[in-house]
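Engineer: Could you look at this predicted model? Sequence included:
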Amino acid sequence: MSNAPTSSTEPIPMTEEQKFFFDLHGWILLPSVLSASEIEKMKADVYGGAKQGYEGSIQELLDHPAISGILTEILSESPSVGADHYTFRCESSFTMARDTGWAKSDQGTGLPHVVRPPQQANAMRYQVAGGKIFSGLTRVAWELEEVKEGHVGTTFLTGSHKANFNYGGPDPYMPNIGGSPWEDNMRAAMEGYSCPAGSAVIFTESLIHAANDWTNPDNPRCAVFNCYNSIWAQWHRLNLSHEIIEAMPPKRQSLFRGVWALGQGGNVAYSEDNRCL
Ligand SMILES: O=C(O)CCC(=O)C(=O)O
Ligand SMILES: [Fe+2]
């Protein structure tokens, strides 16, 4: 399932195999996407204090060709990308640098959670119709350090993006498994991944997922988490200045255009008065 490293900016189309496993599991791993020199530059930026993927060399990850073809497939109505704009949006980004011994909080992202429970209809929901995936709110996690076997980073309850029954907690609209009588069994069923530095994990936010203690004794966890959506749906406030977006290449700027879609190819270009807030 590997996407070969590339220096081209041409989106690499999602393969049939990737579609099969993304639909089945709710997540896929793309191992070893980045080159050693890219990894070194990006790690230096994250360890140097970059808090968001819009800063420094990690900005390249926003529309890296290994993920832009896949995001086009799973977040656009038509699986084609314009020559000068993307057909999906980026709406949030953060970095993480976690030393050995970093401990999750059981109430924060350590509690297995989703954007909205997929058992009830909602605008961020994972869907497949007409042979086409629409992944809803979608996260790409870039691992810039090795994730070792047995020392998980983020974990997933594979397949839960298509669950038809509630988690058993007190409120069926609650976006986490807190208070469920079978919470321990759901936690035990969660799985992680191991991967070399420079790999990407793509998951739908309708999939139950959680942060975990970082136990790897040999290296910190250094990751960049970028979040994407349909051009006509928004979950996060963006909180990104016009000055930063304006300095990006025009095609990358289109990731931050306003959230609307009326008309044939109507909303394609970013500008100061057509920006996502
Ligand atoms: O910290 C992690 O490993 C998971 C973060 C998370 O839950 C998220 O990005 O939605
Ligand atoms: Fe999360």
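Structural biologist: The structure has been received and is ready for your questions. Numbering: from 1, shown residues only. Ligands and ions are numbered 1, 2, ... in the order given.

Engineer: quick one: contacts of the strand or helix carrying residue 252?
Structural biologist: Per DSSP states H and E: residue 252 is located in helix 250-253. Helix 250-253 has contacts (C-beta atoms under 8 Å, 6 or more residues apart in numbering) with 9, 59, 62-63, 84-86, 245-246, 269-270. No exception for glycine: its C-beta is placed from N, CA and C like everyone else's.

Engineer: quick one, helices of the chain?
Structural biologist: Under the criterion DSSP state H, the chain contains helices at 16-25, 36-47, 65-75, 183-188, 242-246, 250-253.

Engineer: returning to that earlier point: in the helix holding residue 252, what counts as buried?
Structural biologist: Buried residues in helix 250-253, defined by neighbour count with 16 or more other C-beta atoms under 10 Å: 251-253.

Engineer: Near ligand 1, list only the ones from the residues you listed.
Structural biologist: Taking C-beta under 6 Å from any ligand atom as the test, ligand 1 is in contact with none of the buried residues of helix 250-253.

Engineer: Adding pLDDT, write the residues you listed out as CSV.
Structural biologist: Below are these laid out as CSV (pLDDT from 0 to 100):
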residue, pLDDT
251, 95
252, 97
253, 97
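
Engineer: Between those, which sits nearest ligand 1?
Structural biologist: Among those, residue 252 lies closest to ligand 1 (C-beta to the nearest ligand atom), at 21.4 Å.

Engineer: so how far is ligand 1 from the nearest residue in space to residue 41 that is not next to it in sequence?
Structural biologist: In space, and not counting its chain neighbours, residue 41 is closest to residue 57: 4.4 Å by C-beta to C-beta, 6 or more residues apart in numbering. The gap separating residue 57 from ligand 1 is 21 Å, by C-beta to the nearest ligand atom, to the nearest Å.

Engineer: For residue 57, the count of nearby residues, please.
Structural biologist: Applying other C-beta atoms under 10 Å, we find 16 residues neighbouring residue 57.

Engineer: could I get stretch 87-103 in PDB with only the CA atoms?
Structural biologist: Coordinates of each C-alpha in stretch 87-103 appear next as PDB, following Å, rounded to 0.1, in the frame of the first residue of the first chain:
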ATOM      1  CA  THR A  87     -11.600  20.100  -4.400                       C
ATOM      2  CA  PHE A  88     -11.300  19.700  -0.700                       C
ATOM      3  CA  ARG A  89     -10.400  22.100   2.200                       C
ATOM      4  CA  CYS A  90      -7.900  22.100   5.100                       C
ATOM      5  CA  GLU A  91      -9.400  23.500   8.300                       C
ATOM      6  CA  SER A  92      -7.100  22.800  11.200                       C
ATOM      7  CA  SER A  93      -3.500  21.800  12.000                       C
ATOM      8  CA  PHE A  94      -1.400  21.200  15.100                       C
ATOM      9  CA  THR A  95       1.900  19.500  15.800                       C
ATOM     10  CA  MET A  96       2.900  17.300  18.700                       C
ATOM     11  CA  ALA A  97       6.300  16.600  20.300                       C
ATOM     12  CA  ARG A  98       5.900  14.100  23.100                       C
ATOM     13  CA  ASP A  99       8.800  12.800  25.200                       C
ATOM     14  CA  THR A 100       9.100   9.300  26.600                       C
ATOM     15  CA  GLY A 101       6.800   9.100  29.500                       C
ATOM     16  CA  TRP A 102       4.200  11.600  28.100                       C
ATOM     17  CA  ALA A 103       0.900  10.500  29.600                       C
END
